[in-house]
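Just the structure for this:
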Amino acid sequence: MVTREPRSRLRAVNSEFGAVATAGSGAARPSAAVIGGGPGGLMAAEVLARAGASVTVYEHMPSMGRKFLIAGRGGLNITHSEPLEQFMTRYGDKQDALAQSVSAFPPEAIQAWCEGLSQKTFVGSSGRVFPLGFRATELLRSWLVDLETLGVSLQTSRRWLGWDQATGALLVAADEKNSDLIPPQQLFPDITIMSLGGGSWQRTGSDGRWVPKFEEIGIVVHKLRPANSGFLVDWTAEFITKFEGMPVKNVSVQARGNPVRGEMMISAEGIEGGCVYAVGRELRAACDAQGNTVMLIDLRPDLSVEQVEQRLSTAKPKESSSTLLRRTIGLPPVAIGLLREVTKNVLPRQASDMAVLIKSLPLQVLATEELDRAISTAGGVAFEELDDRFMLRRLPGVFVAGEMIDWEAPTGGYLLQATLSTAVAAAKGALSWWEQEHPTEM
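Model (predicted):
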C-alpha cells in the first residue's frame, strides 16, 4: 500500500498543473463525468478533482489503465528529454494545434508528476524518460490510490452508449449485453470529459466504437488509421522460414524524408520496429496514394558508399558473396538475406554496384498492417470541431482529450506526453468554462 500526505501532495502537484479554479468553502462543486479510464481520462479526473469537482470515471473494461499497463510491459516510456522545440516536430502537421497544451504541461511537468506519486524518473541513453521502476504497474497502482484519496469514483464495466436524443443525457450501461432489459443510466454532469482512445489494441478497451456516436450528431471524425504499425511485404516462403522474428540492427531507413536510424524487425507479414514506425506516416501516405511504395534501407549507415566499395574490392578468388559481405563490412545473415530477397538472389558483381545497393536497398511495402495490430492511431476528432479549451463546439460542456483527437506521433514518449497534456488542457478548459457559466458559484 502506498502512503502519502494528500494535502501536502495537493499543494505540490497543483503547482505543476498551473492555476486552476478551486471551489472554496461553501462553494458549489461542479459534477464531472470522465468517459474512459486510460491515462488521458485518469489525468483529466485528477486535475478536476484537485480543483474541487465531484468526479466519476466510467471505464467499460473491468479495470482501469489496461493500455497503459501493456504499453509499459517492456518499460514505460513516459516522455522524452529532448528540447521542446525539437520535441514538437514529432507531431508533424499537428504540432501547432498541440503546442499550447504540451507547452503548458511539458515533459518536465510529467517527471514532477511521477515523482509526486513516489515514482522517480530517469533518462535513458536514447533520451527517453522512464519511471525508476521501469514498468507501469507501480505508477498506475499509486495513481489509482491517489485518485481515490481525492474522492474520485472509479466505475469499471460501464460502457458509454452515446447521448439520449430527447434529453441530451449521457447514457452509460452497466450491462451492455442486456441493455434492452436493463435501461442504461442517464447522467447529467456539469462537465463531461471524453477520453476514449483510438482504435488500436482492442483487447485493452481502445476499440473505436465511439466514432459512429460522434458522427451521428454531425461531429467530423477523420478515419482511424494505423500509426506506429508494421507494414506488409510480400516475402518469399524461403525468406520467412529463415528470418521471421529476427532483428536487422543498426540500419537507416528513408521514406520521402530524412533518414531514421534504428532497428527493424522481420515479421511473417512484413516489417516493424522503431525506425519503421518513425517513417510510418510517410509510408502510409504513399501507400494510400499509389497502392504501394518503396522504403530505402541503408544496411551500413556508418560507412560511406566509397568506403563500402573499397572494402568490397578486396574480394578473394572464389569467395562467395555472402562470405565477402560478412568479412568486409560485417553484414549479418539477415541483412544478406534481405539483399538476396530484394534482388531475387541476383546480386551485383561489381563492387560499386553492390555498394550502392547496400546503402540504398529498395524494399517494396504494400500497405499498413491492420489497425488492431498498430501501437497507436492516426485520425480522430478534427481539431476544427474543438475550441481552444478542447471543448466540442457543437456540445458546450463536453471536452475531448487524448488519442481520440486527430493527431499522431512516433513512439519514444511522444504519444503519452500529448495524451496527458491534452487531458490537462481539457480539464482546465472545462473548469474555466464552468466558472464562466457559473460566476457566482466558484
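
per-domain residue ranges of the chain.
Structural domains assigned to the chain are 6-16+30-226+371-437, 231-368, following automatic domain parsing.

mean pLDDT lowest for which of those domains?
Lowest mean pLDDT within the domains of the chain: domain 6-16+30-226+371-437, at a mean of 92.

Surely V34 is within a strand?
Yes: with DSSP: H, G, I helix; E, B strand; the rest coil as the criterion, V34 is located in a strand.

Rebuild the domains of the chain as CSV, extending it with mean neighbour count.
Where you see a C-beta, it was placed from the backbone N, CA and C, and this is true even at glycine. As requested, the domains of the chain are exported to CSV (neighbours: other C-beta atoms under 10 Å):
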stretch, mean neighbour count
domain 6-16+30-226+371-437, 20
domain 231-368, 17
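
From A112, how far off is the nearest residue to L84 once chain neighbours are set aside?
Leaving aside its chain neighbours, L84 sits nearest to P106 (5.9 Å; criterion: C-beta to C-beta, 6 or more residues apart in numbering). P106 sits at a distance of 10 Å from A112 (criterion: C-beta to C-beta, to the nearest Å).

try V145
Counting by C-beta to C-beta, the gap from V145 to A112 is 19 Å.

same check, this time on S126
21 Å.

what about dumping the CA coordinates of the top helix by length along the chain to CSV?
Taking DSSP state H as the criterion, the chain has its longest helix at helix 414-437. C-alpha atoms of helix 414-437 as CSV (Å, rounded to 0.1, in the frame of the first residue of the first chain):
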residue,chain,number,x,y,z
TYR,A,414,5.6,11.5,-27.6
LEU,A,415,2.3,9.5,-27.5
LEU,A,416,1.9,9.6,-23.8
GLN,A,417,3.1,13.1,-23.5
ALA,A,418,0.4,14.5,-25.8
THR,A,419,-2.3,12.3,-24.2
LEU,A,420,-1.5,13.6,-20.8
SER,A,421,-1.0,17.2,-21.9
THR,A,422,-4.3,17.4,-23.8
ALA,A,423,-6.1,15.8,-20.8
VAL,A,424,-4.7,18.5,-18.5
ALA,A,425,-5.7,21.2,-21.1
ALA,A,426,-9.2,19.7,-21.5
ALA,A,427,-9.8,19.5,-17.7
LYS,A,428,-8.5,23.1,-17.1
GLY,A,429,-10.6,24.3,-20.1
ALA,A,430,-13.6,22.6,-18.6
LEU,A,431,-13.1,24.3,-15.2
SER,A,432,-12.6,27.7,-16.9
TRP,A,433,-15.8,27.2,-19.0
TRP,A,434,-17.8,26.1,-15.9
GLU,A,435,-16.6,29.1,-13.9
GLN,A,436,-17.7,31.4,-16.7
GLU,A,437,-21.1,29.8,-16.9
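
elements contacting that helix?
Here helix 414-437 touches helix 39-50, strand 79-80, helix 95-104, helix 107-116, strand 191-194, strand 398-400, going by 3 or more C-beta pairs under 8 Å, 6 or more residues apart in numbering; DSSP states H and E.

could you dump those to TSV with distance to T236?
TSV is the format used below for those (distance: least, C-beta to C-beta, whole Å):
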stretch	distance to T236
helix 39-50	41
strand 79-80	38
helix 95-104	41
helix 107-116	44
strand 191-194	46
strand 398-400	46
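
right, so of these, which gets closest to K344?
strand 79-80 (40.6 Å; C-beta to C-beta).

what sits up against the helix or strand following the closest one?
Using DSSP states H and E, the helix or strand that follows strand 79-80 towards the C-terminus is helix 84-88. Here helix 84-88 makes contact (C-beta atoms under 8 Å, 6 or more residues apart in numbering) with 80, 95, 98-99, 102-103, 106-107, 414, 417.

repeat for stretch 150-165
Residues outside stretch 150-165 that contact it (C-beta under 8 Å, 6+ apart) are 6, 10, 35, 37, 45-46, 49-50, 54-64, 144, 147-148, 169-174, 176, 179, 184, 186, 196, 210, 213, 216-217.

Straight-line length of that stretch, end to end?
33 Å (C-alpha to C-alpha, to the nearest Å).

so how far is that stretch from its chain's centroid?
Computed by C-alpha atoms, centre = their mean, to the nearest Å, the chain-centroid distance of stretch 150-165 equals 23 Å.

same check, this time on stretch 346-366
Relative to its parent chain, stretch 346-366 has a centroid offset of 34 Å by C-alpha atoms, centre = their mean.

got the end-to-end distance for it?
22 Å.

do the same with stretch 249-261
Note: stretch 249-261 ends 9 Å apart using C-alpha to C-alpha.

And for stretch 43-63?
Span of stretch 43-63 from end to end, C-alpha to C-alpha: 16 Å.

one step back: quick one: the residue nearest to L84 and D387, what's the gap?
22 Å.

one step back: relative to helix 107-116, how tilted is the longest helix of the chain?
90 degrees (axes from the mean of the first three to the mean of the last three C-alpha atoms, to 10 degrees).

Helix 414-437 to helix 95-104, inter-axis angle?
80 degrees.

ok and helix 414-437 relative to helix 39-50, angle-wise?
Using the same axes, to 10 degrees: helix 414-437 against helix 39-50 is 40 degrees.

I'd assumed G273 was in contact with F231.
No: using C-beta atoms under 8 Å, F231 is not in contact with G273; the gap is 10.4 Å.

List just the nearest of the contacts of helix 84-88 to V398.
Nearest member of these to V398, counting by C-beta to C-beta, is L98, at 19.8 Å.

Name all residues that make contact with the closest one.
Neighbours of L98 in contact, by C-beta under 8 Å, 6+ apart: 88, 91, 407, 418, 421-422.

For stretch 242-253, what is the distance to the chain centroid?
23 Å.

Any chance you could list what contacts it?
259-268, 273, 275-276, 278-279, 295-299, 301-302, 332-335, 337-338.

Stretch 348-359 now?
Under C-beta under 8 Å, 6+ apart, the answer for stretch 348-359 is 298-300, 304-306, 308-309, 312-313, 315, 325, 329, 331, 339, 343, 347.

so of the residues you listed, which ones are in strands?
Judged by DSSP state E, these include D298 as members of strands.

what about the nearest residue to G75 once chain neighbours are set aside, helix or strand, and which?
Take G75 and drop its neighbours on the chain: the residue closest to it by C-beta to C-beta, 6+ apart is F134, 5.0 Å away. Under the criterion DSSP H and E, no helix or strand holds F134.

F134 is in contact with L76, isn't it?
Yes: using C-beta under 8 Å, F134 is in contact with L76, at 6.9 Å.

Strands of the stretch 251-400 of the chain, start to end?
260-266, 270-272, 293-298, 361-365, 367-368, 376-381, 398-400 (DSSP state E, counting those that start in this stretch).
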